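Student: Turn this into a model:
(one chain, ligands or ions: 1)
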Amino acid sequence: MNIHIIPCLNDNYSYVVENKKTKNACVIDPSESVPVINFLKKNKLNLKYILNTHHHADHIGGNLELKKEFNSQILGFEKDKNRIPGIDIFLSDKQIWNFEGSDVLVEHVPGHTSGHIFYYFKNEESVFTGDTLFSFGCGRLFEGSYLEMVDSLKKIKLLPTKTKIFCGHEYTINNLKFCMEIDKNNSELKEKYNQINNNIKNKLPSVPSSLGDEMRLNIFLKFDNLEFKKRLGFEDLNEVDFFKKIRDLKDNF
Ligand SMILES: [Zn+2]
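Tutor: Residues are numbered from 1 along each chain as shown. Take a look at the predicted model:
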């Protein structure tokens with residue numbers, strides 16, 4: 001299978017997963033229909049499914065037009081069935097869904113919204129994290145508690161470290177600037193910043209990241225790293241309070 005990055009709106013990413021043999025495809029989080037339709041037509045792909053990570057407008061905006069154009073089926077979390085337009089298939093936590101013979105693990109990751117899920121494509125070693133985990137950042141908490149978000153990030157951390165992370169927005173440069181502000185003098189962060197900055201200058205996306213890089217560099221995933229917390233002088237904070245501290249600092253960054 002091929003994974004294609006489709007830039008949408010100002011800074012959103014939608015993703016098309018294509019079975020190269022059958023030319024069947026699914027799309028994850030179509031923010032809008034036109035760029036996705038153009039891509040599918042140009043590549044003569046048949047859009048079988050539309051997968052939503054959560055109900056926000058910039059992730060479901062293309063649902064109905066794509067469904068109409070390709071007669072596709074729409075998938076989303078069962079408890080979000082009333083706020084995902086055109087939903088046909090209700091997914092539950094820890095369900096294995098199958099796309100073209102490839103297993104896709106669905107997990108409930110509340111925090112950004114109460115019904116957020118991720119899609120982990122096992123054979124492709126790729127996870128679509130929507131607005132839960134960003135490259136070197138994480139989503140804002142609109143509907144969930146800090147504890148829920150920490151538990152959700154823990155679920156992502158349990159995936160294999162080589163997993164590729166495809167997130168919902170191009171926020172990476174700003175996220176790295178924030179990581180460097182908190183995790184001062186981390187030379188690997190500076191290298192990563194230079195590398196991504198070059199990509200962006202050349203109009204290339206920063207995605208995908210890898211879970212291994214995220215575990216080493218993303219400060220939102222370091223709530224259980226005692227040595228790191230000590231370095232920042234936050235050794236007395238438990239996991240959730242540490243995460244809250246970092247999230248609150250980012251909200252005011
Ligand atoms: Zn969102």
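Student: then the helix or strand hosting residue 7 to CSV, C-alphas only?
Tutor: When elements are assigned from DSSP states H and E, residue 7 belongs to strand 2-8. Coordinates of the C-alpha atoms in strand 2-8 are reproduced here as CSV (Å, rounded to 0.1, in the frame of the first residue of the first chain):
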residue,chain,number,x,y,z
ASN,A,2,1.0,3.6,-0.6
ILE,A,3,0.3,6.5,1.8
HIS,A,4,-0.1,9.9,0.1
ILE,A,5,-0.1,13.2,1.9
ILE,A,6,-2.8,15.6,0.7
PRO,A,7,-2.3,19.2,2.1
CYS,A,8,-5.7,20.8,2.8
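Student: mind listing what it pairs with, with the direction of each?
Tutor: Sheet pairing here is set by DSSP bridges, and for strand 2-8 it gives strand 12-18 (antiparallel).
Student: From the chain's centroid, how far away is the partner strand?
Tutor: When C-alpha coordinates are averaged (CA atoms, centre = their mean, to the nearest Å), strand 12-18 and its chain have centres 11 Å apart.
Student: again, but for stretch 5-14
Tutor: The chain centroid and the centroid of stretch 5-14 are separated by 12 Å, computed with CA atoms, centre = their mean.
Student: count of neighbours near residue 213?
Tutor: When neighbours are counted by other CB atoms under 10 Å, residue 213 registers 16. For every residue, glycine as well, the C-beta is placed using N, CA and C.
Student: for the record, mean pLDDT for the strand holding residue 7?
Tutor: On average, the pLDDT along strand 2-8 is 98.
Student: Let me see the residues that make contact with it.
Tutor: If you take CB atoms under 8 Å, 6 or more residues apart in numbering as the criterion, strand 2-8 is touched by 13-18, 20, 27, 30-32, 35-36, 39, 58, 62, 124, 126, 166, 170, 205, 207.
Student: Is the helix or strand encompassing residue 128 positioned near the ion?
Tutor: Here residue 128, judged by DSSP H and E, is contained in strand 126-130. No. With CB under 5 Å from the ion as the criterion, the ion is not reached by strand 126-130; the gap is at least 6.7 Å.
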